[in-house]
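Asks: My questions concern the predicted model and sequence given below.
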Amino acid sequence: MSNFARREFLTGAAVLAAATTAAFLKSEEAEGGDTSFMNNVPDPSLSGKDLPTFKFALEKSEGKVIGKSFGKEATVEQLPISKGIAGVSMRIEPGAMRELHWHATAAEWAFVLEGRVRTTVIDPHGNSETNDFNAGDVWFFPRGHGHMLECLGNEPCQFILIFDNGYFSEFGTFSISDWIGHAPKSLLAKNFGLPESAFNGFPKEEVYFARGAVPPEKPATPLQGLKLPPQTHKYELLEQAPHAEFKGGREWRVDSTRFPISTTITGVVLDLEPGSLRELHWHPTADEWQYVISGKISVSMFGSHGRYRTEELEKGDVAYIPQGYGHSIENIGSTPCRILIGLNTGVYQAIDLSQWIAGNPVDVLATNFGMPAALFEKFPKKDVFIADQQGR
């Protein structure tokens with residue numbers, strides 16, 4: 001073989017090997033929940049004759065309980081359909097804190113249900129921020145940023161955490177006590193410039209919920225002094241005017257256009273009056289995760305090829321709608337309901353069924369459905385968004 005031919009052969013082999021490696025990696029990404037590629041690979045949980053359940057009774061699950069604090073999670077382990085988003089309900093008792101930790105594979109978005117919470121977070125540039133949160137407030141921590149969460153005051157706090165990866169729990173949350181407890185003392189002593197004896201008495205296993213005194217009302221200054229990040233991690237969602245308000249309900253919405261640091265998660269709080277409907281719609285760019293704060297709802301999901309499923313949810317239940325799947329939310333109870341919604345996108349997008357119909361000429365609609373054109377003149381001329389019990 002000539003030198004030229006040999007070079008051509010080696011180049012071709014290298015290209016083939018690179019292509020094979022890339023294909024393998026893409027396959028691995030798809031299996032691991034990379035939604036940017038998963039849309040090109042059939043999801044076994046969604047490719048059957050019938051749609052799978054998309055409901056999980058989160059608050060009725062056992063979770064992790066330490067003292068009077070708990071964390072209950074809904075990941076792909078508990079709800080296999082939820083590959084793009086996971087959620088946690090967490091309650092912390094006075095004097096307790098969720099210890100310093102980070103999430104290796106997911107960003108964290110949170111909504112405070114009750115009580116007061118203090119957080120401290122550090123970014124890769126060494127900037128840190130401490131914030132206090134009340135009910136209705138939101139925080140966002142980018143993937144891998146170290147943080148802690150603690151209860152403020154003498155009443156317990158509860159919040160819902162939303163993660164932009166349904167596999168986050170399985171693949172790793174890293175706690176500081178677990179790390180220091182398993183690193184050799186000689187290594188720690190060298191790292192911090194202290195004698196090995198300084199680390200006597202440190203926990204040997206993960207603490208998870210640490211317990212101590214109720215924190216002071218005013219946060220103390222960090223060891224390094226104040227080095228604030230360029231973007232805040234806090235947003236007072238329910239202090240804002242609703243994004244949309246109708247006779248049958250209202251919606252608060254926050255994405256990166258209002259909360260710039262929240263580049264991968266959009267949050268929504270939806271209120272519906274009895275009998276009202278958040279109309280049939282879909283999200284072109286995101287999965288949707290729902291948590292029922294109060295009330296009783298019926299959620300429908302349409303999955304093409306005649307597949308349609310409806311689930312009833314009550315307070316503490318969660319639901320998951322994959323990207324692009326048609327769905328609706330209806331209040332079927334006798335009292336107002338409130339739903340927390342998370343989407344794994346930094347910019348909110350949705351297309352409503354009434355909006356789609358209104359965007360087409362009546363002759364097109366008449367041909368599509370084989371119905372008189374005059375019928376479609378009676379349809380809404382604009383987006384309905386929320387319909388009340390009279391369908392208005």
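Replies: That came through fine.

Asks: drop to CA atoms for contacts and neighbour counts, all remaining ones
Replies: OK.

Asks: quick check: domain ranges of this structure?
Replies: Using automatic domain parsing, the domain parsing of the chain gives 55-235, 240-387.

Asks: The spatially most central residue of the chain: which element?
Replies: Closest to where the C-alpha atoms of the chain average out (C-alpha atoms, centre = their mean) is Ile162, at 3.1 Å. In the assignment (DSSP states H and E), Ile162 maps to strand 157-163.

Asks: Can you give the contact residues for that strand?
Replies: Contacts to strand 157-163, defined as C-alpha atoms under 8 Å, 6 or more residues apart in numbering, come from residues 85-94, 106-117, 151, 342.

Asks: Also stretch 352-364?
Replies: Stretch 352-364 is contacted by residues 279-282, 365, 373-374, 376-377, 379-385 when judged by C-alpha under 8 Å, 6+ apart.

Asks: burial measure for the nearest residue to Trp109 once chain neighbours are set aside, as a count.
Replies: Counting by C-alpha to C-alpha, 6 or more residues apart in numbering, Trp109 lies nearest to Phe140, which is 4.4 Å off, once chain neighbours are set aside. When counting by other C-alpha atoms under 10 Å, one arrives at 25 neighbours for Phe140.

Asks: any idea how far Phe140 lies from Phe133?
Replies: 12 Å (C-alpha to C-alpha, to the nearest Å).

Asks: shared neighbours, these two?
Replies: If you check Phe140 and Phe133 against C-alpha under 8 Å, 6+ apart, the residues they both contact are Lys234.

Asks: Tell me the bridge partners for Ala244.
Replies: Under DSSP bridges, the beta-bridge partners of Ala244 are Glu251.

Asks: Selection in ChimeraX covering whichever of the contacts of stretch 352-364 are buried, please.
Replies: Those of those that count as buried under 16 or more other C-alpha atoms under 10 Å are selected in ChimeraX with:
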select :279,280,281,282,365,373,376,383,384,385
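
Asks: so which of the contacts of stretch 352-364 comes closest to Arg211?
Replies: Distance to Arg211, by C-alpha to C-alpha, is smallest for Trp282 among the contacts of stretch 352-364, at 43.7 Å.

Asks: you'd agree the closest one is up against Ile351?
Replies: Yes. If you go by C-alpha atoms under 8 Å, Trp282 and Ile351 touch, sitting 5.6 Å apart.

Asks: Find the residue ranges of this structure scoring beneath the pLDDT cut-off.
Replies: 1-42, 170-171, 391-392 (pLDDT under 70).

Asks: And the helices in it?
Replies: 3-32, 35-38, 168-171, 176-182, 185-192, 353-358, 362-369, 373-376 (DSSP state H).

Asks: rewinding a little: now the domains of the chain in TSV, with distance to Lys49?
Replies: Converted to TSV, the domains of the chain look like this (distance: least, C-alpha to C-alpha, whole Å):
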stretch	distance to Lys49
domain 55-235	15
domain 240-387	7
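
Asks: Test of understanding: give the bridge partners of Phe56.
Replies: Val318.

Asks: What's the separation between it and Glu206?
Replies: Phe56 is 28 Å from Glu206, by C-alpha to C-alpha.

Asks: what do you get for Ala107?
Replies: Distance of Ala107 to Glu206, given as C-alpha to C-alpha: 21 Å.

Asks: more neighbours, those two?
Replies: Between Ala107 and Glu206, counted using other C-alpha under 10 Å, Ala107 has the larger neighbour count: 24 against 17.
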